[in-house]
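A.B. asks: Take a look and give me a structure for this.
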Amino acid sequence: MDTAPLRGAYRALLDAAATVADSADSGDTGSGGTGPTPPGEWNADQILAHVALINATTLTAVSAITAGVNATYDNRMALDTWTIERLITLAGGNAGLRDRIRLQADALCALGGPMLSDAELDTPVPTRLLSHDAVLVDQPLPLRDLLTGLAETELPGHTRQLLALLPNGRPVADLAEADA
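C.D. replies: Here you go, the predicted structure:
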């Protein structure tokens with residue numbers, strides 16, 4: 001499996017996260033490096049914690065398949081507010097979350113690329129994906145589709161979500177092109 005799109009999606013997400021953090025450090029976006037958050041939306045730290053939890057879930061599924069055991073994929077814990085806040089604390093905040101995501105990205109790209117056979121990538125994984133209390137997926141998906149979905153949908157969506165936290169007047173369109 002070619003992991004270049006996955007690497008690119010992680011690079012764009014981490015670049016956006018750094019831009020938002022730099023903007024917060026310069027005093028442009030509220031306190032704590034989290035930026036202004038629209039009602040009902042996550043701040044930058046919560047977005048990054050969610051991504052780190054999704055990465056951990058994906059790494060767990062990949063590891064199970066490479067070990068020849070049954071795997072499942074369920075994103076509900078990555079949506080849990082208490083779990084998200086706990087991870088922010090455990091990781092040490094924004095910088096720690098970005099470091100964690102960078103290392104998880106390296107691991108997923110190493111495991112998802114040359115290490116997995118086509119048979120492993122085609123292994124059906126019982127999957128449940130929710131977003132905003134709506135079930136998006138509740139059926140087995142090949143591991144390959146989970147990795148592709150991460151690169152094509154999940155990470156670019158959270159990249160856009162991070163960029164939306166930037167104050168008006170920032171070159172959001174230029175940064176958004178980086179995730180294309």
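A.B. asks: which residues of the chain fall in strands?
C.D. replies: With DSSP state E as the criterion, the chain has strands at 73-74, 124-131, 134-142.
A.B. asks: so what strands line up beside the second one?
C.D. replies: Think strand 124-131. When pairing is defined by DSSP bridges, strand 124-131 lines up against strand 73-74 (parallel), strand 134-142 (antiparallel).
A.B. asks: So what touches the first one?
C.D. replies: Just to be clear, that refers to strand 73-74. For strand 73-74, the surrounding residues in contact (Cβ atoms under 8 Å, 6 or more residues apart in numbering) are 57-58, 61, 125-129, 141, 146. C-beta coordinates here come from the backbone N, C-alpha and C atoms, glycine included.
A.B. asks: For Leu53, which of the strands of the chain is the nearest?
C.D. replies: Nearest to Leu53 among the strands of the chain is strand 73-74; the distance by Cβ to Cβ comes to 11.1 Å.
A.B. asks: quick one on the thing from earlier: a markdown table please, covering the strands of the chain and showing mean pLDDT, mean neighbour count and distance to Gly96.
C.D. replies: Compiled in a markdown table, these are given as follows (pLDDT from 0 to 100; neighbours: other Cβ atoms under 10 Å; distance: least, Cβ to Cβ, whole Å):
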| stretch | mean pLDDT | mean neighbour count | distance to Gly96 |
| --- | --- | --- | --- |
| strand 73-74 | 97 | 18 | 25 |
| strand 124-131 | 96 | 16 | 25 |
| strand 134-142 | 96 | 12 | 29 |
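A.B. asks: Identify the residue nearest the geometric centre of the protein.
C.D. replies: Centroid-nearest residue in the chain, with Cα atoms, centre = their mean: Val51, separated by 2.9 Å.
A.B. asks: isn't that residue right up against Arg102?
C.D. replies: No - the pair Val51 / Arg102 is not scored as a contact, 11.1 Å apart, by Cβ atoms under 8 Å.
A.B. asks: got a list of what the closest residue to Leu6 other than its chain neighbours touches?
C.D. replies: Leaving aside its chain neighbours, Leu6 sits nearest to Ala151 (4.2 Å; criterion: Cβ to Cβ, 6 or more residues apart in numbering). Contacts of Ala151 were listed using Cβ under 8 Å, 6+ apart, and they are 5-6, 8-9.
A.B. asks: where's Ala151 relative to His132, distance?
C.D. replies: 22 Å (Cβ to Cβ, to the nearest Å).
A.B. asks: Ok, Ala18 next?
C.D. replies: Ala18 is 27 Å from His132, by Cβ to Cβ.
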